[in-house]
Each structure stands twice: as C-alpha cells, then as structure tokens.
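[1] coords below, sequence missing:
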C-alpha cells in the first residue's frame, strides 16, 4: 500500500480553474414549427431533469431581427445545442442565431452541440437539399447576410454531433443528454474562493488516482476535522467526475448516519448512480448492499464517501473493490486512518495544516479582505494565526469573526481564545496524569 503526506504549498493565486458560473448551461436553437412540440420539447425536459440549466429561444418575443437580450443570453451560456431540422434555414432568425453561436465558439470558447434531425449533415455543410432551397429564395430576395449565414452553416455542419434518421427518439435523447451532462460537467460543487494552497494537493491526488489506468483505484484522505479534506475532494470531483459513466458524492456520512440511517445513504447513492431512474426505496441494509453491489459492478463510477467514521458505513456502501466496475475511482475522507487501512485503500493521503505563511494569507483574506493584515494589526494577526494551528476552517471562522472589528475588540476575542486554550490544555494534562 502506498502512502503520501502533504500540506498546503501553493498560494491562492495558483488556485485551480473552476468553471465560471453562467446563467445557463445550454442555449437551445431550433426551428419552432419543426420540433417545438416534439423532439426539442422532450430534449429540453430531459436536460432539465439532469440539472442542466437550459434556455429555449422561444422565450423571447420574435421580430425581424434577433433581440439584443437573446444575443446576450447566447454569450453568457456555456454551450449551445442546435437542432438542425428541415426548415431551420428557412428562418432568418435561426440563421442569425447560428452566426452569433459560431462567433461565440470562436471568440469565447463556447461549446456547440449540433443535432441533425432528419436532415443530412452534408446538406447543412454545403447548403443543399432543403437548406439549398432556402438559400435559393434568399438569393432571389437579396441580402448581405448570405455569406455569413453560409459560413456559419458550413462551420456547424463540420462539427461532430448526432445524426437522427431512425430509431427511438427516447434513446437518442438519453444519449445526447448523457453526453452533454458529461461534457459540461454539470454536477458541480461551489467550493468558494480563497482556496489557499489547494492547487498542489489536488495535483498530487489526481496523480495518485492514475486516471489513465483501467484498474479500480481507491484513495483515502485523512486528517483532523477542519483541515480541508472535504474541500479537496470537492475540487477533484468538480474536475474529474464528468469523465465517468456515473457519479456520486455522499457528504457528511458520519452526521447523516447518526441523524438518519444507513438505508438513507444507500438510497442516496443508488439515486445518484441511477440518476433517479429505477431506484428503489431501501429499508434493509443487506438488501441495499446487495443492490449497490449488483449495479456498481457493471459501471465505471466516480464516488466520494465523505467523513466516514466506522466500518458499518463502508460495509453498507462499498464493502470492497470487487463491487466496482472497470476504471472506477473512489475517494474516502475520514479522521480515522485505521479505518482506511482496514479497507485496504490503494493510497493513504494525510492532509496536514497550513504552514505559517499560508495560514497568514488565508486569515488575512477573511479578516481584512486582502492577503496581508493592516499595519496596525500585524502583531495581533500573528497571535490569531498561531492559535489556529494551521487549520483552514479555524482561520476562516476566526478571520470572519474579527473582520471590521476595532483593536480592543480583537484583543478581547483573542484573550478569550487564549483562556479557552489554557483550560483545554489543563484538562488534557489531568487526563494524561490519571492514565
């Protein structure tokens, strides 16, 4: 079994890139009279059920020109789904939208998903068939937009997408939705700002996950409470989970198992893996364990079991690696190193506290909203950072508590903290002497 020890080593300036929040994940462009009440409506519902934020282009009143607010929606969306249907090119509105979409792809990194719905990609690309008929009409009328429309259609027609000619639309929509969900990584956690030092440990963890391997890989993260185990797991989940067939992040297992029960956690895991389809209401732990084993063994999954604290939880949720399909990855976080050893994880990863410089920066970001203290508070800040002993959670809480407080208020709060630490030390010494 390999092992690794790490502490925060990078500054907040090297925080890994987290996707910027956009109002919409997907902008839907389509010819209303062709697909509004059938394919596009069913696709939109499927995307929404997966938690993908969509904008349908029929939400804004149409005129001769595409409304400025619609162009802004396209710019702010993370991607566009274009449903090319028989009469798509007969709509100037659709073609103007398409020009904007392709501009955003080029200039903003906008992702484009073309769907060729009962039309050939070559007709879109070369403006033949029904697309050619539309342009014959435009040539007769005359408009200076024709070259831009043609270029946009050619570019979109050359993109990889889905060609729907036959088969069940339900199956096509499921495949399209699954692919978009994975490509956009829509199941994300808000990990907040000021992640001082997290970049280096995330990179180390990803290296230890050996993503290029088809083996099953289980990593155990351990350390004291408030050290940042869950935050590390969330950042990694945000970065990697879209590469897997199914994913689940079971947060606060210790607390949930105490306030609810193990079948509740089993139900949550199955709901995540099955994406709400076909999951059952489990009331018996053994029944749930057997169902989880059966379902997981055939899937490539990414699972985070956060804050486990006893073997019963692992027995119910993930007894051993034989439960997992080829290429699966699991991260377990806990305060109990021995629990991970008993589970025979591939790598033990201890999260250590921040060094003084990192702790000083994190504290300052919360206490002063900048990465260093105000000049009059330098000495008090040194004392505050010392009391927090490198714990990120403690630094955030204390820094936020002292934000915008006067110097006497700082002195009062730090005095209380010092006295509290003395009392805890006395209790620990008494207990040690009794032993």
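    Received it, and whenever you're ready, just let me know what you need. In this text the structure is predicted, and so the values were computed from the model without any measurement. Residues are numbered from 1 along each chain as shown.
[2] what sits against the nearest residue to residue 403 once chain neighbours are set aside?
    The spatial neighbour of residue 403 that comes closest, neighbours along the chain excluded (CB to CB, 6 or more residues apart in numbering), is residue 367 at 5.5 Å. No exception for glycine: its C-beta is placed from N, CA and C like everyone else's. Neighbouring residues of residue 367 by CB atoms under 8 Å, 6 or more residues apart in numbering: 373, 377, 381, 384, 398-400, 402-403.
[3] From the residues you listed, pick the one nearest residue 40.
    residue 400 (46.4 Å; CB to CB).
[4] in the stretch 201-350 of the chain, which spans are strands?
    Using DSSP state E, counting those that start in this stretch, the strands of the stretch 201-350 of the chain run over 217-222, 246-250, 301-305, 329-334, 347-351.
[5] could those be laid out in CSV, adding mean pLDDT?
    Formatted as CSV, these follow (pLDDT from 0 to 100):
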stretch, mean pLDDT
strand 217-222, 95
strand 246-250, 91
strand 301-305, 95
strand 329-334, 96
strand 347-351, 93
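[6] now these in CSV, with mean neighbour count?
    Conversion of those to CSV gives the following (neighbours: other CB atoms under 10 Å):
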stretch, mean neighbour count
strand 217-222, 24
strand 246-250, 21
strand 301-305, 24
strand 329-334, 26
strand 347-351, 20
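[7] Which of those strands sits closest to residue 91?
    With CB to CB as the measure, strand 246-250 is the member of those nearest residue 91 (38.0 Å).
[8] Between strand 301-305 and that closest one, find me the angle.
    Strand 246-250 runs at 0 degrees relative to strand 301-305, counting by axes from the mean of the first three to the mean of the last three CA atoms, to 10 degrees.
[9] please begin residue numbering at 255 from this point
    Right, with 255 as the first residue, what we last looked at is strand 500-504.
[10] Which strands border strand 500-504, and is each parallel or antiparallel?
    Using DSSP bridges, strand 500-504 pairs in its sheet with strand 555-559 (parallel).
[11] The partner strand versus strand 471-476: what angle between them?
    20 degrees.
[12] so how far is strand 555-559 from its chain's centroid?
    Computed by CA atoms, centre = their mean, to the nearest Å, the chain-centroid distance of strand 555-559 equals 13 Å.
[13] Please report how far the residue nearest the centre of the chain lies from residue 491.
    The centre of the chain sits closest to residue 442, judged by CA atoms, centre = their mean, with a distance of 2.1 Å. Using CB to CB, to the nearest Å, we find residue 442 at a distance of 8 Å from residue 491.
[14] what's the answer for residue 588, then?
    For residue 588, the distance to residue 491 - CB to CB - is 16 Å.
[15] Please apply the same query to residue 370.
    For residue 370 relative to residue 491 (CB to CB), the value is 34 Å.
[16] Tell me where the model's unsure across the stretch 305-454 of the chain.
    Scanning the stretch 305-454 of the chain for pLDDT under 70 picks out 312-318, 439.
[17] can you give me the helices for the stretch 455-604 of the chain?
    483-494, 507-513, 516-528, 539-550, 565-571, 591-597 (DSSP state H, counting those that start in this stretch).
[18] among those helices, which is the most enclosed?
    Stretch with highest mean neighbour count among the helices of the stretch 455-604 of the chain: helix 483-494 (a mean of 22; mean count of other CB atoms under 10 Å).
[19] now that one and strand 471-476, what's the angle there?
    Using the same axes, to 10 degrees: helix 483-494 against strand 471-476 is 150 degrees.
[20] what's the neighbour count on residue 629?
    6 (other CB atoms under 10 Å).
[21] Figure out the length between the terminal residues of stretch 560-574.
    End-to-end span of stretch 560-574 (CA to CA, to the nearest Å): 17 Å.
[22] Please state the offset of it from the chain centre?
    Counting by CA atoms, centre = their mean, stretch 560-574 is centred 24 Å from the centre of its parent chain.
[23] One more: stretch 368-384?
    Distance, stretch centre to chain centre, for stretch 368-384: 34 Å (CA atoms, centre = their mean).
[24] Number of residues surrounding residue 660?
    That count, for residue 660 with other CB under 10 Å as the rule, works out to 9.
[25] that older thread, pretty sure the residue nearest to the centre of the chain is touching residue 492, no?
    Yes. Counting by CB atoms under 8 Å, residue 442 touches residue 492, with 5.0 Å between them.
[26] Please list all residues in contact with residue 564.
    Contact analysis of residue 564 by CB under 8 Å, 6+ apart lists residue 593.
[27] From residue 558, how far out is it?
    Between residue 564 and residue 558 the computed distance is 18 Å (CB to CB).
[28] One more: residue 359?
    33 Å.
[29] sorry, back to before: just the buried residues from the contacts of residue 621, in PyMOL please.
    The following PyMOL line selects those of the contacts of residue 621 that are buried, judged by 16 or more other CB atoms under 10 Å:
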select buried, resi 627+631+635+638+652+653+656
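[30] Which of the contacts of residue 621 sits closest to residue 289?
    residue 654 (50.4 Å).
[31] Need the pLDDT of the closest one.
    Looking at residue 654, its pLDDT stands at 92.
[32] what's the nearest residue to it if we skip its chain neighbours?
    residue 620 (4.9 Å).
[33] show me what contacts that neighbour?
    Applying CB under 8 Å, 6+ apart, we find residue 620 in contact with 448, 649-650, 652-654, 657.
[34] Now the two most distant members of those residues.
    448 and 652 (14.0 Å).
[35] ok so, going back, relative to residue 559, how far out is the residue nearest to the centre of the chain?
    19 Å.
[36] Was I right to think residue 500 contacts residue 523?
    No. Judged on CB under 8 Å, residue 500 makes no contact with residue 523 at a distance of 10.1 Å.
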